[in-house]
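>>> Kindly generate the corresponding structure for this input.
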Amino acid sequence: MELKKNPKADINKKSTLFLNIGLVVSISLVFFAFEYKFYDEGPAMDLGQVNDDMEEIMEIPPTEQPPPPPPKVKLPEIIEIPDEEEIEEEIELDLDMDMTEDDAIEDMVFEEETEEEVDKVFQIVEQQAEPAGGIQAFYDYVATELSDKYPRQAQRMGIEGVVYVQFVIEKDGSLTDVTAVKGIGGGCDEVAVEVVKNSPKWTPGRQRGRAVRSQRVIPIRFVLN
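Modelled structure (predicted):
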């Protein structure tokens, strides 16, 4: 019996093709192995942290600038003059100058005080006028007089109060022009004026060392017991 091969079952038919494919794959693997680069695996870098570090590094603290040096003051040059040198100054005098009568020095005339100034009544003087014995002695006199001269009409009407009396102290200390500038009525004003007119003389006021006429206003109080 003759044996015949099945042409489809022949394995040597495609061996050359598989050999070529295997050779190409091997060469490709070798070439890839030479071209491939290996890298060491390290810790991943945080880009955000790098930026923060850069910002910290870029912060430069402010530096204090030294103040500018004060300007140099140029001292004035002092020139010493020796004592031996005498400084002479020439003064020209015109002795031929003509003096007219208009240029003559007028005599100084001292004006005498007028009668108006002598009789002037001062409201304020350098040295005030005072009653003889002092102001307390004057009020003691007034109190004694009023105890006997309190007006009966004022007593019946129960009038009390203060009467302001104005008067002028003359140069000799006498009191003139006595008037009640503010009264309370009931006859008290007239009594107050009479008491002041009959009071002892005062020491006159003085202005610039001389006695002058001066004016005063005093209160006189009326009180019922």
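>>> Name every strand pairing with the longest strand anywhere in the chain and say which way it goes.
For the chain, the longest strand by residue count, based on DSSP state E, is strand 210-222. Strand 210-222 pairs in its sheet with strand 121-122 (parallel), strand 161-169 (antiparallel), strand 205-207 (antiparallel), by DSSP bridges.
>>> Out of these, which is closest to Lys182?
Evaluated over the strands paired with strand 210-222, closeness to Lys182 peaks at strand 161-169, with 4.2 Å, by Cβ to Cβ. For glycine as for every other residue, the C-beta is placed from the backbone atoms N, C-alpha and C.
>>> List the buried residues of whichever helix or strand comes after the closest one.
Downstream of strand 161-169, the first helix or strand assigned by DSSP states H and E is strand 175-182. For strand 175-182, the neighbour count (16 or more other Cβ atoms under 10 Å) marks Leu175, Val178, Ala180 as buried.
>>> Mind putting the residues you listed into a markdown table with distance to Glu126 and pLDDT?
Formatted as a markdown table, the buried residues of strand 175-182 follow (distance: Cβ to Cβ, whole Å; pLDDT from 0 to 100):
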| residue | distance to Glu126 | pLDDT |
| --- | --- | --- |
| Leu175 | 20 | 94 |
| Val178 | 24 | 96 |
| Ala180 | 28 | 96 |
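>>> Go through stretch 198-207 and flag the buried ones.
Buried residues in stretch 198-207 (16+ other Cβ under 10 Å): Ser199, Trp202, Thr203, Pro204, Gly205, Arg206, Gln207.
>>> quick one, helices of the protein?
15-35, 47-58, 115-118, 135-149, 152-157, 188-197 (DSSP state H).
>>> Restricting to C-alpha, output the longest strand of the chain in PDB.
This file holds the C-alpha atoms of strand 210-222, laid out as PDB (Å, rounded to 0.1, in the frame of the first residue of the first chain):
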ATOM      1  CA  ARG A 210      -0.300 166.600  96.600                       C
ATOM      2  CA  ALA A 211      -3.700 166.800  98.200                       C
ATOM      3  CA  VAL A 212      -6.600 166.700  95.700                       C
ATOM      4  CA  ARG A 213     -10.400 166.600  95.800                       C
ATOM      5  CA  SER A 214     -11.700 163.000  95.600                       C
ATOM      6  CA  GLN A 215     -15.100 161.400  95.500                       C
ATOM      7  CA  ARG A 216     -16.400 158.500  97.600                       C
ATOM      8  CA  VAL A 217     -19.600 156.400  98.000                       C
ATOM      9  CA  ILE A 218     -20.300 154.600 101.200                       C
ATOM     10  CA  PRO A 219     -23.200 152.400 102.300                       C
ATOM     11  CA  ILE A 220     -25.100 153.200 105.500                       C
ATOM     12  CA  ARG A 221     -27.300 150.300 106.800                       C
ATOM     13  CA  PHE A 222     -30.600 150.900 108.700                       C
END
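>>> I appreciate the help and will end here.
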